[in-house]
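Peer 1: okay, here's the prediction I keep looking at, along with the sequence it came from:
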Amino acid sequence: MFGLEPVLRELHIASSTYYRWRRAEKEPCERRRQDAELTEKIQRIHADSGGTYGSPRVHAVLKREGVHVGRKRVERLMREDGLAGISPRRTSFTRRDPKATLAPDLVQRDFTALAPNRLWVTDLTMGSVGDSYDNALAENLWILIKTECVRGRVFETRAEANLALFEYIDGFYNSRRIQARLGWLSPIEFEEKYYTDQASAEQANLKPRQPALTS
């Protein structure tokens, strides 16, 4: 029975070349195994979002869960598995009644809130034509609701529609739907982090100062 080294010498193949070939043979199999495990995680995250998350949010959730993977790899695996997020459709616009009285712009279109509950948004049906910022934030939320909650569904009763909206807003949007502008946190997580940081800062300011040493 011959060992490996004599065979390699007879074939004029360096042992380093052979072992490098063996490693290269194993790597694709390991890569496929890792891709399969990663795809299962991606499928779970996508399903938990109600099929609304695209690759950026799926990648962000994986990162939160401690899974270190490139975004392009997530994109590839989602594409191969036929998974995609939901994108808003283009919407049509209405014309305001020229006789209607316009409400004053109390925030001068500066929607930067320095703390939770400083600015609230509602749907401004009578926003002035050509001033898209007047109700852009409210319209953005309505588009999300229509896209991620309502599109493709038929509600038999008003109660069924109300329940679907409640489950989306309170059960998903506020508590679980992460947003890039919030540092990939949900609105509730972002608000909790704000108050936690504020409490920590206030606690630090309340600590007694050490008296200065004098000679």
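Peer 2: Cool, got the structure.

Peer 1: tell me which helix or strand of this structure sits lowest on mean pLDDT?
Peer 2: helix 4-10 (a mean of 76; mean pLDDT, DSSP states H and E).

Peer 1: what pLDDT does the residue at minimal distance from the centre of the chain get?
Peer 2: Taking C-alpha atoms, centre = their mean, the centroid of the chain lies closest to Arg57, which sits 3.0 Å from it. On pLDDT, Arg57 comes in at 96.

Peer 1: part of a strand, is it?
Peer 2: No - looking at Arg57 with DSSP: H, G, I helix; E, B strand; the rest coil, it is helix, so not inside a strand.

Peer 1: distance of it from Arg71?
Peer 2: 11 Å (C-beta to C-beta, to the nearest Å). Every C-beta, even on glycine, is put in place using the N, C-alpha and C of the backbone.

Peer 1: thinking again about what came up before, mind listing what the residue nearest to the centre of the chain touches?
Peer 2: Ser49, Gly85, Ile178, Trp184 (C-beta atoms under 8 Å, 6 or more residues apart in numbering).

Peer 1: and stretch 165-176, what's buried?
Peer 2: Under the neighbour-count criterion of 16 or more other C-beta atoms under 10 Å, stretch 165-176 has Tyr168, Phe172, Tyr173 buried.

Peer 1: now do the helices in this protein.
Peer 2: Here the chain has its helices, by DSSP state H, at 4-10, 15-48, 55-64, 71-80, 136-145, 158-168, 187-206.

Peer 1: what does the last one contact?
Peer 2: With contacts defined as C-beta under 8 Å, 6+ apart, helix 187-206 is touched by Ala115, Pro116, Tyr173, Asn174, Ser175, Arg177, Ile178, Gln179, Leu182, Gly183, Leu185.
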